[in-house]
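Engineer: For reference, the sequence and a predicted model appear below.
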Amino acid sequence: DDDDDDDGLEEGIDNVVVGGGDGIQAKSNDSMVNSVLQPGRNLVAAGYCLYSSATILVFTLGEGTHGFTLDPQINEFVLTHPNIKIPQRGNVYSCNEANSEGWSDDLKRYVRALKTGENETKERYALRYVGSMVGDIHRTLMYGGIFFYPSDAFHPNGNLQLLYKSAPMCYIIEQAGGLSTNGERRLLDVRPNRVHQRSPCFIGSPEDIHEMKKYIPHDVEDEV
């Protein structure tokens, strides 16, 4: 799946930054569907591409996250960002705030603290939201902060597919030192029941995720 917004390409929303996630699983003796329906912690690889003024490939094989840039002169990807590490904290939050009326009171309090500077850093956060998950996650990976698509009154299960969107992106971020949850527990520990199952997600810098969890109670400790 190459785009977070099913209608985005037709509407011209994602014609600058698009990407995709790919998870590779070892084969088992179970049925094909059951083999696919695995928690993200079982991934062995994940990656995405960004297409803009440069073409960037970011991926992990489970031993760190690395970035490559396409060199059009030799038509090959060149390692330009080895062993990427997400900053411990950022100053940007990324979400579709148009859905905020349907958010929980705990999440509203958290976002209000970010916006007003009544958070742990005592500095106001900026909102940046491209609307393409890959673009928003890439910015979060490089500069820190937090990306989230939570459950709300309009999307009770969130709006991003767990198996082939959220989980691969969480895997990439965690391999770079970040954290992720579904609002209750570590997202990579969640086993999907259906191929297209959707799930809330919170992905980002470790200190930002830790602060978010002080507002939104989690049932299971999800340290990596």
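Structural biologist: Alright, I've got the coordinates.
Engineer: All the helices of the protein, residue numbers only.
Structural biologist: 8-11, 32-36, 105-116, 133-143, 167-175, 206-215 (DSSP state H).
Engineer: how far does the third one sit from the chain's center?
Structural biologist: Averaged C-alpha coordinates place helix 105-116 at 20 Å from its chain's average position (CA atoms, centre = their mean, to the nearest Å).
Engineer: begin at 19 from here
Structural biologist: Happy to do that; since the first residue is 19 now, the last one works out to helix 123-134.
Engineer: For it, could you pull out the residues that count as buried?
Structural biologist: Leu125, Tyr128, Val129, Ala131, Leu132 (16 or more other CB atoms under 10 Å). Where you see a C-beta, it was placed from the backbone N, CA and C, and this is true even at glycine.
Engineer: cool, and the fifth one?
Structural biologist: Neighbour counts using 16+ other CB under 10 Å place Ala185, Pro186, Met187, Cys188, Tyr189, Ile190, Ile191, Glu192, Gln193 of helix 185-193 among the buried residues.
Engineer: quick one on the thing from earlier: go through the buried residues of helix 123-134 and name the one nearest Leu181.
Structural biologist: Leu125 (24.0 Å; CB to CB).
Engineer: I'd like the distance between that closest one and Tyr69.
Structural biologist: 32 Å (CB to CB, to the nearest Å).
Engineer: what's the weakest-modelled helix or strand in this structure?
Structural biologist: In the chain, no helix or strand scores lower on mean pLDDT, DSSP states H and E than helix 26-29, which sits at a mean of 36.
Engineer: Can you name the residues that contact Lys126?
Structural biologist: By CB atoms under 8 Å, 6 or more residues apart in numbering, Lys126 lies in contact with Ser118.
Engineer: And Asn117, by the same measure?
Structural biologist: Counted by CB under 8 Å, 6+ apart, Asn117 has contacts Asp170, Phe172, His173.
Engineer: Quick check: mean pLDDT of stretch 224-234?
Structural biologist: On average, the pLDDT along stretch 224-234 is 97.
Engineer: so how far is it off the chain centroid?
Structural biologist: That offset, for stretch 224-234, works out to 15 Å (CA atoms, centre = their mean).
Engineer: what's that stretch in contact with?
Structural biologist: With CB under 8 Å, 6+ apart, stretch 224-234 has contacts from 104, 106-108, 111, 122, 124-125, 127-128, 131, 137-138, 162-164, 166, 195-199, 201, 220-221.
Engineer: list the buried ones in that stretch?
Structural biologist: Pro224, Glu225, Asp226, Ile227, Glu229, Met230, Lys231, Tyr233, Ile234.
Engineer: Same list (the residues you listed) but as CSV, adding distance to Ile155.
Structural biologist: As requested, the buried residues of stretch 224-234 are exported to CSV (distance: CB to CB, whole Å):
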residue, distance to Ile155
Pro224, 15
Glu225, 17
Asp226, 13
Ile227, 14
Glu229, 19
Met230, 16
Lys231, 19
Tyr233, 22
Ile234, 20
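Engineer: I'd like to know which of these is nearest to Gly80.
Structural biologist: Pro224 (18.9 Å).
Engineer: for stretch 66-74, how far is the first residue from the last?
Structural biologist: 8 Å (CA to CA, to the nearest Å).
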